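Chemist: sequence? don't have it. structure:
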């Protein structure tokens, strides 16, 4: 049967190499480059199951397709062969008319899989290169940007003291542009870190009020220019939690910035914090135009603004929602986004109770306590 198979393969234009058993076949496979292995399961010295497992464990051969041949009444052997790593099978007695077509089909599928593996490796290499480039460029840009911002502020203060309001305004433009660029660089660096796994957080103890206040201060200028009305409602602003204060405030600021950016002037935005049965809820809701479910789901992808052309009317790189998700995931915070056209957008961050700190009792200074005791 082996000789007949080899003859059929030669007729079809292939160059078969034959072996009497699995051990001999493996030696030939190591020495030569082959495109396909056709192996009986019942062989002396090393059977087809052992040969297939050995092929899959060998780096040089692990991607070579293997067709196993078995008796038609041994159905369980086929399952065992696939478990060992077989690609396809032929049943005895072999239909020689379909034999060549089976070989052609497996070889074609193998070439397609090889092309997919190459494309996947190239895509992964390209993604790693872009992440590395983004990280390096972000780090390299921070130092000169900090210098631009710092000296721009010095110039602005100097011009103000000299009452040179025109040049003071120019200096403020430099500072504002530098801060915006630095913010974009920081976003790209954080997005790059998020692609490689959970981002690192610097946990500190802080109050809800401090986080909300810092978030509002980040968007204060943008809100003022847009005439946005941000209403803050805190059920307990003194409630303490352990988190990365800077990143959590940044996440809230991103949501506030989106509410301002994608709404008409004068939009009303509510930022509320309330205790829930499971922890603390932070809600940001606006009265803007809203967005349909399909576009809302697309915003979860990086660089997925509704309009990413150079002629777009709104600034930004489409990293706001992905960064909020990354920051929330690093804190084990549930993040939900909901919207309907004409009914605004609602963003909810559910902070688990494990991050809330027990209420601390404020101790009176010793002198004051002693005075109160004397008075009593």
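Modeler: Structure received. Source: prediction; values computed, not measured.
Chemist: What's the local residue count around residue 93?
Modeler: Here the number of neighbours of residue 93 (other CB atoms under 10 Å) works out to 9. (Each C-beta comes from the backbone N, C-alpha and C, glycine too.)
Chemist: And it, how close does it get to residue 276?
Modeler: Residue 93 is 70 Å from residue 276, where distance means CB to CB, to the nearest Å.
Chemist: do the same with residue 11
Modeler: On the measure of CB to CB, residue 11 and residue 276 end up 75 Å apart.
Chemist: With residue 36 instead?
Modeler: From residue 36 over to residue 276 the distance is 61 Å, taken as CB to CB.
Chemist: and what of residue 227?
Modeler: For residue 227, the distance to residue 276 equals 32 Å [CB to CB].
Chemist: What of residue 41?
Modeler: With distances taken as CB to CB, residue 41 is found 61 Å from residue 276.
Chemist: and those two? which has more neighbours close in?
Modeler: Here residue 41 and residue 276 are compared on neighbour count by other CB under 10 Å; more neighbours surround residue 41, at 24 against 11.
Chemist: Go ahead and confirm that one touches residue 66.
Modeler: No: proximity of residue 41 to residue 66 does not meet the contact threshold set by CB atoms under 8 Å, at 10.9 Å.
Chemist: Doesn't residue 69 lie inside a strand?
Modeler: Yes: the assignment for residue 69, made by DSSP: H, G, I helix; E, B strand; the rest coil, places it in a strand.
Chemist: who's it bridged to?
Modeler: residue 40, residue 90 (DSSP bridges).
Chemist: now the chain, which segments are flagged as low pLDDT?
Modeler: 72-75, 135, 298, 300-318, 359-376 (pLDDT under 70).
Chemist: What's the biggest helix in this structure, counting residues?
Modeler: helix 96-161 (DSSP state H).
Chemist: Identify the contacts common to residue 41 and residue 66.
Modeler: A shared contact of residue 41 and residue 66, defined by CB atoms under 8 Å, 6 or more residues apart in numbering, is any residue touching both; here there are none.
Chemist: List the buried residues of stretch 43-63.
Modeler: The neighbour-count check on stretch 43-63 (16 or more other CB atoms under 10 Å) flags 43, 46, 48-52, 54-55, 61 as buried.
Chemist: tell me the secondary structure for residue 346?
Modeler: strand.
Chemist: need the contact list for it.
Modeler: Neighbouring residues of residue 346 by CB under 8 Å, 6+ apart: 283-285, 337-339.
Chemist: Identify those among the residues you listed that sit within strands.
Modeler: Using DSSP state E, the subset of the contacts of residue 346 located in strands is 283-285, 337-339.
Chemist: Top of those residues by number of neighbours, please.
Modeler: The member of the ones in strands among the contacts of residue 346 surrounded by the most neighbours (other CB under 10 Å) is residue 284, with 23 neighbours in all.
Chemist: Quick check: the gap between that one and residue 148.
Modeler: Using CB to CB, one gets 32 Å for the distance from residue 284 to residue 148.
Chemist: At which residues are the helices of the protein located?
Modeler: Using DSSP H, the helices of the chain run over residues 2-12, 22-31, 48-57, 75-84, 96-161, 165-195, 208-218, 220-226, 245-261, 293-298, 320-330, 366-375.
Chemist: Buried deepest among the ones you listed, which one?
Modeler: The highest mean neighbour count among the helices of the chain, using mean count of other CB atoms under 10 Å, belongs to helix 245-261: a mean of 23.
Chemist: Who are the packing partners of that helix?
Modeler: In terms of contacts (3 or more CB pairs under 8 Å, 6 or more residues apart in numbering; DSSP states H and E), helix 245-261 is packed against helix 208-218, helix 220-226, strand 268-275, strand 279-286, helix 320-330, strand 345-352.
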